[in-house]
Each structure stands twice: as C-alpha cells, then as structure tokens.
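Asks: Sequence first, then the predicted structure:
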Amino acid sequence: MQKYECDICGYVYDPELGDPDNGVAAGTAFADIPEDWVCPECGVDKSSFSEV
Ligand SMILES: [Zn+2]
C-alpha cells in the first residue's frame, strides 16, 4: 500500500503499521483514515501529507 509523508515534519505513515496509538489499526490505507486524524508528530491534518 502507498505510504504518505508529512510535508511539515517528515513523519511517514505506513499503512502496514497504521497508527495504533491514535486509533488507526494496522492495515488501514491512508485514504481510509478518519478525516479528523492528525500527524502524530506535529499535529497537521491529512491534507498536509504527500505520497512517498
Ligand atoms: Zn507532521
């Protein structure tokens, strides 16, 4: 699955890992993350992420 990188801080969202600390299960595609999810490192919203 496609990884996405935060444009602000460089955090990479890997769908294989998800973001379990913030309620996103492993195996969740970036497009399926809830719209209110924010970058766990710097707090920007999904619109500030780009495909890696
Ligand atoms: Zn970030």
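Replies: Everything's here; your move.
Asks: Residues of this structure that sit close to the ion?
Replies: 6, 8-9, 11, 39, 41-42 (Cβ under 5 Å from the ion). For the C-beta atoms, the positions are set from N, CA and C on the backbone; glycine is no exception.
Asks: Buried ones among those?
Replies: Buried by 16 or more other Cβ atoms under 10 Å: 6, 11, 39, out of those.
Asks: Now for the spatially most central residue of the chain: which residues touch it?
Replies: Central residue of the chain (Cα atoms, centre = their mean): Tyr13, 4.1 Å from the mean position. By Cβ atoms under 8 Å, 6 or more residues apart in numbering, the residues touching Tyr13 are 3-6, 19, 30, 33, 49.
Asks: now the strands: where do they sit in this protein?
Replies: Assigned by DSSP state E, the strands in the chain fall at 4-6, 12-13, 49-51.
Asks: Sheet-wise, list the partners of the second one with their directions.
Replies: The one in question is strand 12-13. strand 4-6 (antiparallel) (DSSP bridges).
Asks: ok, residues contacting the partner strand?
Replies: 11-13, 30, 39, 41-42, 44, 48-52.
Asks: Just give me the closest of the residues of the chain next to the ion to Ala26.
Replies: Comparing those against Ala26 with Cβ to Cβ picks out Tyr11 as the nearest, at 16.4 Å.
Asks: May I ask you to confirm that the closest one is in contact with Val44?
Replies: No: under the criterion of Cβ atoms under 8 Å, Tyr11 makes no contact with Val44, lying 9.4 Å away.
Asks: Great, nothing more from me.
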